[in-house]
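A.B. asks: here you go, sequence then predicted model.
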2 protein chains.
Amino acid sequence: MSLLVAGWVAMDEIETPFAKVTESLGGSATCAALAGSLFTDVRLLAAVGEDFPAGERAKLVRPNIDLAGLVTSGPKTSRWGGRYHYDMNTRDTLYTELGVNLDWTPALPDGWEHSTTAFLAAGDPLLQRAIIRSLAAPRATMVDTIKFFIDGALDDLKETMRHADFVALNESEAREVARTPSIARAGRELINGGARGVLIKLGEYGAALISDEDYFVAPGYPLDEVIDPTGAGDAFAGGFMGHLDTVPVINAAEVRRGVVYGSAVASFCVEGFGPNRLLTLTRDEVDARYREFRRLTYFEAAD
Amino acid sequence: MSLLVAGWVAMDEIETPFAKVTESLGGSATCAALAGSLFTDVRLLAAVGEDFPAGERAKLVRPNIDLAGLVTSGPKTSRWGGRYHYDMNTRDTLYTELGVNLDWTPALPDGWEHSTTAFLAAGDPLLQRAIIRSLAAPRATMVDTIKFFIDGALDDLKETMRHADFVALNESEAREVARTPSIARAGRELINGGARGVLIKLGEYGAALISDEDYFVAPGYPLDEVIDPTGAGDAFAGGFMGHLDTVPVINAAEVRRGVVYGSAVASFCVEGFGPNRLLTLTRDEVDARYREFRRLTYFEAAD
């Protein structure tokens, strides 16, 4: 069992209404890899620059994260700066410096083509598709994206979605891609486009999973304080795919449990800046929160 | 068993991005009474003007709605005009004409002081409190409000909330009253203020119930199309209180079921303009949707 996580490892500058951090470990693959490693063995495929701090790399050194695919491919690590609004549900991207990701061509280390599952974190849809195709027989794959690629590469993105089992989008992205204000309808449109299941991330309101055979909604975990939402969607994906990588049969019930595991990990992620909280998170804590999700949502049958 | 519903019966003008209606039956008590009548006997306490159309009154004539408290107390029925934005989650109030509600003093018809439950739909907090006090031994009471009273009568409103078992607020109102962006924290602040339970309405994302002993989240029902959100919160309240009026013991499990019944009725309400969909809604349809809510939210225990 092994979950391939491909995407960006970057350095972030994050500003919330309450605090600001610079030189923070970031990137779409970072939180996903850390989250996935709570469930299964993770293989991290990403590029950094020669300026990537040794101290940040050290945070990714964990017993079940294989860093053979974390390559140095040029001088500059990718950088992203963002600022959150008061409600933490919306943010402005201040800048994106592509750095090594401008022309990185990912190459799978020997044997990684046999990864049993794969999460293609936000990145160039053509590269995402190439990686999916290079896998021998993945049991499940998921593609995530960001507005940047919806705006700039929609046709490529839609084609890539057809090659993935699951597609993860946040709510506004789903509405934009499907051109409808209804989440239910947007999900169906995306299914008709070829994805097996669509995960629509609703931020503090939770997540919806829509497939041909199922519709499932998980609430957001009620937090007293959100420190930083950056990476929560990727942490969700890592938990979701990490769980699926471990189950004997990937059926609707396990997919639902995956959504709850993903929600649990994401709810911890926002308790710290960037991936910080994930660095100390334990599987026991995740399982306890999973049980809390059950208590939050259970109700008895009708009369 | 009987649920007292007190509030406004009014005439609305509603504009969505897709349609517009004028001379539509409205008011905070209207949808609540119709929703409650799917569960129990309802007593409607409200004032209209001499201009209130006979055809609109006829819509409220139903086997288990007692209209003895629907009085004509002046020339002009209250009127409200609102316009919804594209996402249907936000609206602008175009005008509010108080009409008879400017100086209406509600008086309970004989015997209504023995109503077993009561919903005080949005209205003057002093009148809401007076009505609660006039009840002999209600098993449960709920107070709702709108931004108008939060802005104009916050101290009176907070005092009224201390006299109610349940308080219903939408998300932005809860944040405003409690002065915190966290829904969990806002709920606790309101509990500390004296309410037994706080229902925070999350629009298309569902509802959260927060009390000293419980935290429950119900998702929004995935609708392909929302025709008009007007009255959905009141329909929710009518379903919630209507269910509680019928149960032998009002405990945490029944409160949770009430939230789901309220969510089910509200999800039908938005399928038509104003109360239109509620006029044809049956209890069987509500029960079927309740079961759908269970399918939407169920997941298995952790490993």
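C.D. replies: It's in. Residues are numbered from 1 along each chain as shown, chains lettered A, B, ... in the order given.

A.B. asks: please report how far A:Gly193 lies from chain B.
C.D. replies: Look at A:Gly193 and chain B: by CB to the nearest CB, to the nearest Å, they are 17 Å apart. In this view, the C-beta of every residue, glycine as well, is placed from N, C-alpha and C.

A.B. asks: ugh, wrong one, A:Leu278
C.D. replies: Distance from A:Leu278 to chain B, counting by CB to the nearest CB: 19 Å.

A.B. asks: contacts only, for the residue lying closest to A:Leu120 once chain neighbours are set aside.
C.D. replies: Closest residue to A:Leu120 apart from its sequence neighbours, by CB to CB, 6 or more residues apart in numbering or on different chains: A:Gln128 at 4.0 Å. Counting by CB atoms under 8 Å, 6 or more residues apart in numbering or on different chains, A:Gln128 touches A:6, A:120, A:143, A:160, A:164.

A.B. asks: show the backbone phi and psi for the second one.
C.D. replies: For A:Leu120, the backbone dihedrals are phi -100, psi 90 (criterion: degrees, to the nearest 10).

A.B. asks: which residues does it contact?
C.D. replies: Residues in contact with A:Leu120 (CB under 8 Å, 6+ apart) are A:6-7, A:128, A:131-132, A:141-144, A:160, A:164.

A.B. asks: A:Ser172 too?
C.D. replies: If you count contacts by CB under 8 Å, 6+ apart, A:Ser172 has them with A:Lys147.

A.B. asks: which of the three states applies to it?
C.D. replies: Under DSSP: H, G, I helix; E, B strand; the rest coil, A:Ser172 falls in the helix class.

A.B. asks: still on that earlier bit, let me know the pLDDT of the residue nearest to A:Leu120.
C.D. replies: Confidence at A:Gln128, expressed as pLDDT, is 97.

A.B. asks: on that earlier part again, give me the subset of the contacts of A:Gln128 lying in helices.
C.D. replies: Among the contacts of A:Gln128, DSSP state H puts A:Thr160 in helices.

A.B. asks: do the top helix by length along chain A and chain B meet?
C.D. replies: Once chain A is assigned using DSSP H, the helix that runs over the most residues is helix A:252-269. Yes. Contact of helix A:252-269 with chain B (CB under 8 Å from any CB of the partner chain) involves A:253, A:256-257, A:259-260.

A.B. asks: buried sites along that helix?
C.D. replies: Neighbour counts over helix A:252-269 (16 or more other CB atoms under 10 Å in any protein chain shown) mark A:254-269 as buried.

A.B. asks: same question for it, mean pLDDT?
C.D. replies: 97.

A.B. asks: and the pLDDT for A:Ile146?
C.D. replies: 89.

A.B. asks: between the contacts of A:Leu120, which is nearest B:Asp234?
C.D. replies: A:Asp144 (39.1 Å; CB to CB).

A.B. asks: please name the nearest non-neighbouring residue to the closest one.
C.D. replies: If the residues on either side of it in the chain are set aside, A:Asp144 comes closest to A:Ala168, at 4.3 Å by CB to CB, 6+ apart.

A.B. asks: gap between the one you found and A:Phe119?
C.D. replies: Computed as CB to CB, to the nearest Å, the A:Ala168 to A:Phe119 distance reads 9 Å.

A.B. asks: A:Gly81 too?
C.D. replies: 24 Å.

A.B. asks: among these two, which residue is more densely surrounded?
C.D. replies: A:Phe119 (33 against 17; other CB atoms under 10 Å in any protein chain shown).

A.B. asks: mind listing what the more buried one touches?
C.D. replies: With CB under 8 Å, 6+ apart, A:Phe119 has these contacts: A:3-7, A:32, A:36, A:141-142, A:144, A:237-238, A:241.

A.B. asks: returning to that earlier point: reformat the contacts of A:Gln128 as JSON lines; add pLDDT.
C.D. replies: Output for the contacts of A:Gln128, formatted as JSON lines (pLDDT from 0 to 100):
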{"residue": "A:Ala6", "pLDDT": "98"}
{"residue": "A:Leu120", "pLDDT": "98"}
{"residue": "A:Val143", "pLDDT": "97"}
{"residue": "A:Thr160", "pLDDT": "95"}
{"residue": "A:Ala164", "pLDDT": "95"}
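
A.B. asks: now the strands for the stretch 201-303 of chain A?
C.D. replies: Secondary structure of the stretch 201-303 of chain A (DSSP state E, counting those that start in this stretch): strands at A:207-211, A:215-218.

A.B. asks: now for these, which one comes closest to chain B?
C.D. replies: Across these, chain B has its closest neighbour in strand A:215-218 (3.8 Å, CB to the nearest CB).

A.B. asks: where does pLDDT dip in the stretch 201-303 of chain A?
C.D. replies: Scanning the stretch 201-303 of chain A for pLDDT under 70 picks out A:303.

A.B. asks: show me which residues of it sit near chain B.
C.D. replies: By CB under 8 Å from any CB, the residues of the stretch 201-303 of chain A that approach chain B are A:202, A:204-206, A:208, A:210, A:215-220, A:222-226, A:253, A:256-257, A:259-260, A:287, A:290-291, A:293-303.

A.B. asks: try 7 Å
C.D. replies: Residues of the stretch 201-303 of chain A found near chain B (CB under 7 Å from any CB of the partner chain) are A:202, A:205, A:215-217, A:219, A:222-225, A:253, A:256-257, A:260, A:287, A:290-291, A:294, A:296-297, A:299-302.

A.B. asks: one more: the stretch 1-150 of chain A?
C.D. replies: Contact residues (CB under 7 Å from any CB) of the stretch 1-150 of chain A with chain B: A:86-88.

A.B. asks: buried among the residues you listed? Need that as a selection in PyMOL.
C.D. replies: Written as a PyMOL command, the selection of buried residues from the residues of the stretch 1-150 of chain A next to chain B, which uses 16+ other CB under 10 Å, is:
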select buried, chain A and resi 88
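
A.B. asks: just the helices from chain A, written as ranges.
C.D. replies: A:28-36, A:54-60, A:125-134, A:147-152, A:154-162, A:171-178, A:183-192, A:232-246, A:252-269, A:276-280, A:283-297.

A.B. asks: would you mind finding the most buried of those helices?
C.D. replies: Highest mean neighbour count of the helices of chain A: helix A:28-36, a mean of 32 (counted as mean count of other CB atoms under 10 Å in any protein chain shown).

A.B. asks: with only the CA atoms kept, save that one in PDB.
C.D. replies: C-alpha atoms of helix A:28-36 as PDB (Å, rounded to 0.1, in the frame of the first residue of the first chain):
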ATOM      1  CA  SER A  28      -0.300  21.800  -2.300                       C
ATOM      2  CA  ALA A  29       1.500  18.500  -1.800                       C
ATOM      3  CA  THR A  30       2.900  19.400   1.700                       C
ATOM      4  CA  CYS A  31      -0.300  19.200   3.800                       C
ATOM      5  CA  ALA A  32      -1.600  16.300   1.700                       C
ATOM      6  CA  ALA A  33       1.600  14.200   2.300                       C
ATOM      7  CA  LEU A  34       1.600  14.900   6.000                       C
ATOM      8  CA  ALA A  35      -2.100  14.100   6.300                       C
ATOM      9  CA  GLY A  36      -1.800  10.900   4.200                       C
END
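
A.B. asks: tell me the mean pLDDT for it?
C.D. replies: pLDDT averaged over helix A:28-36 gives 97.

A.B. asks: what inclination does that helix have with respect to helix A:283-297?
C.D. replies: Per axes from the mean of the first three to the mean of the last three CA atoms, to 10 degrees, the angle that helix A:28-36 makes with helix A:283-297 is 90 degrees.

A.B. asks: contact partners of helix A:28-36?
C.D. replies: A:3, A:5-9, A:42, A:44, A:46, A:60, A:65, A:119, A:121-123, A:144, A:231, A:234-235, A:237-239, A:241-242, A:265, A:269, A:275, A:278-279 (CB atoms under 7 Å, 6 or more residues apart in numbering or on different chains).
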